[in-house]
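Participant: I'd like to go over a predicted model; first the sequence, then the structure.
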Amino acid sequence: AQSVAQPEDQVNVAEGNPLTVKCTYSVSGNPYLFWYVQYPNRGLQFLLKYITGDNLVKGSYGFEAEFNKSQTSFHLKKPSALVSDSALYFCAVRDRGSQGNLIFGKGTKLSVKP
Amino acid sequence: DAGVIQSPRHEVTEMGQEVTLRCKPISGHNSLFWYRQTMMRGLELLIYFNNNVPIDDSGMPEDRFSAKMPNASFSTLKIQPSEPRDSAVYFCASIRGNSPLHFGNGTRLTVT
């Protein structure tokens, strides 16, 4: 069965410091991997995706994620956090053979303090 | 592109009443998803459609929940009768092929 784990409920970072939000997955075969962000009272917004090719994927707002097949991980990173990055972040996986359904992690709340 | 449009944004109703949530997907998208988000359970997939046909409804909690997609530009999620434990934010999302999933801003349902 497919699954996504986000081991941290919350990540606290000081503004200007690098941030990492962790994600590991379990899926048969080669997955598509995604990160989404949710601001209060809004739907989830797409940040970035890994389909194939370079393991380091760059996305919106300066975020990037590294696909590590051996560790089945897809951690989200940003070199310098902003207070405005504070939000709920979701990792998601889709089996390449599926018709579009994404499996989401439980989400990680990122809090960036000035 | 107006994005995925959901209505209403907020719904407050009494237990036992029928609730209908509406969704207009992005034009040209061929798959539509209904999710429910709560603090306790996170984001749960309720049902999804591909080319207007329900593909997987295993996430629908019980027979009180039903969803329809009569055409490519409209879907409804109905709860009848509603219960307090149905209180949540319900999201609709659409996709075309392997593009990223696009979410609406959700309907916050409160059942008293």
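Facilitator: Structure's in. What do you need?
Participant: residue 90: how many residues sit nearby?
Facilitator: Going with chain A. As a burial measure, residue A:90 scores 26 neighbours (other CB atoms under 10 Å in any protein chain shown). Every C-beta, even on glycine, is put in place using the N, C-alpha and C of the backbone.
Participant: actually it's chain B I care about, not the one you picked
Facilitator: 22.
Participant: so it: helix, strand or coil?
Facilitator: strand (DSSP: H, G, I helix; E, B strand; the rest coil).
Participant: quick check: it vs residue A:62, distance?
Facilitator: To residue A:62, residue B:90 is 31 Å away according to CB to CB, to the nearest Å.
Participant: same deal with residue B:29?
Facilitator: 28 Å.
Participant: who has more neighbours, the two?
Facilitator: Between residue B:29 and residue A:62, counted using other CB under 10 Å, residue B:29 has the larger neighbour count: 19 against 13.
Participant: residues in contact with the more buried one?
Facilitator: B:94, B:95, B:96, B:102 (CB atoms under 8 Å, 6 or more residues apart in numbering or on different chains).
Participant: what about the residue in chain B positioned nearest to chain A, neighbour count?
Facilitator: Using CB to the nearest CB, the single residue of chain B nearest to chain A is residue B:103, 3.3 Å away. The number of residues packed near residue B:103 is 23, by other CB under 10 Å.
Participant: so what's residue 91 bridging to?
Facilitator: Just so you know, I chose chain A. residue A:35 (DSSP bridges).
Participant: oops, I was thinking of chain B
Facilitator: With DSSP bridges as the rule, residue B:91 is bridged to residue B:35.
Participant: hmm, back to that, narrow the contacts of residue B:29 to those that are buried.
Facilitator: For these, a burial check counting by 16 or more other CB atoms under 10 Å in any protein chain shown picks out B:94, B:95, B:102.
Participant: contact partners for the last one?
Facilitator: Right, residue B:102. Per CB under 8 Å, 6+ apart, neighbours of residue B:102: A:46, B:3, B:4, B:26, B:29, B:93, B:94, B:95.
Participant: try 10 Å this time
Facilitator: A:43-46, B:1, B:3-4, B:25-26, B:29, B:33, B:92-96 (CB atoms under 10 Å, 6 or more residues apart in numbering or on different chains).
Participant: which one of those is nearest to residue A:82?
Facilitator: residue A:45 (15.8 Å; CB to CB).
Participant: so where's chain A uncertain?
Facilitator: Filtered on pLDDT under 70, chain A yields the residue ranges A:97-100.
Participant: swap in chain B?
Facilitator: B:1.
Participant: do any residues in stretch A:106-114 lie close to chain B?
Facilitator: Yes - counting by CB under 10 Å from any CB of the partner chain, chain B is contacted by stretch A:106-114 at A:106, A:107.
Participant: got a list of contacts for that stretch?
Facilitator: So stretch A:106-114 is contacted by A:4-17, A:19, A:21-23, A:36-38, A:44, A:76, A:78, A:81-91, B:37, B:41-43 (CB under 10 Å, 6+ apart).
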